[in-house]
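A.B. asks: mind folding the following:
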Amino acid sequence: MDDATLTRKIRAFLDSGEMKVGEFQKAINVTSNAYSRFMGQNGPEKGLESSVYDAAWAFFKKRELRGIKMPKKQKTAAGAGPAASNSGVPSVEGIVLDGEMEEKVPVFDTCDDIRRKINAHLKLLGVTQASFLRNVMAQFHPERRVQSSQLASFRSKKGPYAGNTSSVYYGAYVYFEKLRIKENKPKGKKREEMERLYAAEGGIDRKHSHNWYTVMQGSSVHEDQYGRIHISGPRENRVY
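C.D. replies: Below is the predicted model of the structure:
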């Protein structure tokens, strides 16, 4: 069994509701960081050397030898909880990203990128603003209340860093990253460039607002699509 098949089996098992993510990690005796790294791997053989692969494979093999069949996916009422959906959007409940439990998932999308994703997501059949907010809130541990007014405020802004301290920005990024992994979609070119630019900094700064800059008289400030600040003047042209 390759690791892609095993990760699908883990997600199907967790989607059934028989165990929660933390209970499954405890059952196979792995850390949340090791688990999230394994579940985030792309490719059929990239996680074969992970301790999570061996532990999860043994867990399911023991169940198989005991004659325990894989549980069926648990049915939930539409709109009940973050996993429920009548839109065809898959549940991300079984995915945990590295750093998620400490709210330290590195962010590699600009605020404008997230706004575009939110706008597209809310146009999907069956997706409501309320269901989207539930999914955003579920990305915080413990769960954090995010109101519709916060979503409206974030969506009204414009600029790569406009809204970078918002809970909507972080929660939506984590949710969309889980969707990307769940749907086995590759990273786009801009996303890869963002990782190259911001990896050393641990992702986009989410603690400090980037609303104003002090420059020399005669200089001008320009923010590019990656959120980098270009300051130019008679004697200088710097990128920050």
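
A.B. asks: quick check: closest non-adjacent residue to the spatially most central residue of the chain.
C.D. replies: The C-alpha lying nearest the average C-alpha coordinate of the chain belongs to V174 (CA atoms, centre = their mean; 2.3 Å). The shortest distance from V174 to any non-neighbouring residue, by CB to CB, 6 or more residues apart in numbering, is to Q139 (4.0 Å). C-beta here means a position set from N, CA and C on the backbone, and glycine is covered the same way.

A.B. asks: can you give me the strands in this protein?
C.D. replies: Taking DSSP state E, the strands of the chain run over residues 220-223, 229-232, 237-239.

A.B. asks: any idea how far D113 is from the closest residue to E18 other than its chain neighbours?
C.D. replies: Leaving aside its sequence neighbours, E18 sits nearest to P71 (CB to CB, 6+ apart; 4.8 Å). According to CB to CB, to the nearest Å, P71 stands 37 Å off from D113.

A.B. asks: for Y226, same thing?
C.D. replies: 10 Å.

A.B. asks: okay, the two: which has more neighbours?
C.D. replies: More neighbours surround D113 than the other of Y226 and D113, with 22 against 16 (other CB atoms under 10 Å).

A.B. asks: from memory that one sits against K190, does it?
C.D. replies: Yes. Counting by CB atoms under 8 Å, K190 is a contact partner of D113 at 7.4 Å.

A.B. asks: pop the domain breakdown of this protein in here.
C.D. replies: 3-65, 100-201, 210-240 (automatic domain parsing).

A.B. asks: kindly reformat those domains as TSV containing mean pLDDT and distance to V89.
C.D. replies: Below are those laid out as TSV (pLDDT from 0 to 100; distance: least, CB to CB, whole Å):
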stretch	mean pLDDT	distance to V89
domain 3-65	80	13
domain 100-201	93	6
domain 210-240	61	27
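
A.B. asks: format these as a markdown table; extra columns: distance to S91.
C.D. replies: As requested, these are arranged in a markdown table below (distance: least, CB to CB, whole Å):
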| stretch | distance to S91 |
| --- | --- |
| domain 3-65 | 6 |
| domain 100-201 | 8 |
| domain 210-240 | 31 |
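
A.B. asks: which one of those lies closest to P90?
C.D. replies: domain 100-201 (5.0 Å; CB to CB).

A.B. asks: mind checking how far the closest one is from the chain centre?
C.D. replies: Put simply, domain 100-201 sits 7 Å off its chain's centre (CA atoms, centre = their mean, to the nearest Å).

A.B. asks: and if you look at stretch 22-34?
C.D. replies: With CA atoms, centre = their mean, you get 19 Å for stretch 22-34.

A.B. asks: ok, residues contacting it?
C.D. replies: Stretch 22-34 is contacted by residues 10, 13-14, 19, 35, 50-52, 55-56, 58-59, 96, 98-101 when judged by CB atoms under 8 Å, 6 or more residues apart in numbering.

A.B. asks: thank you, goodbye.
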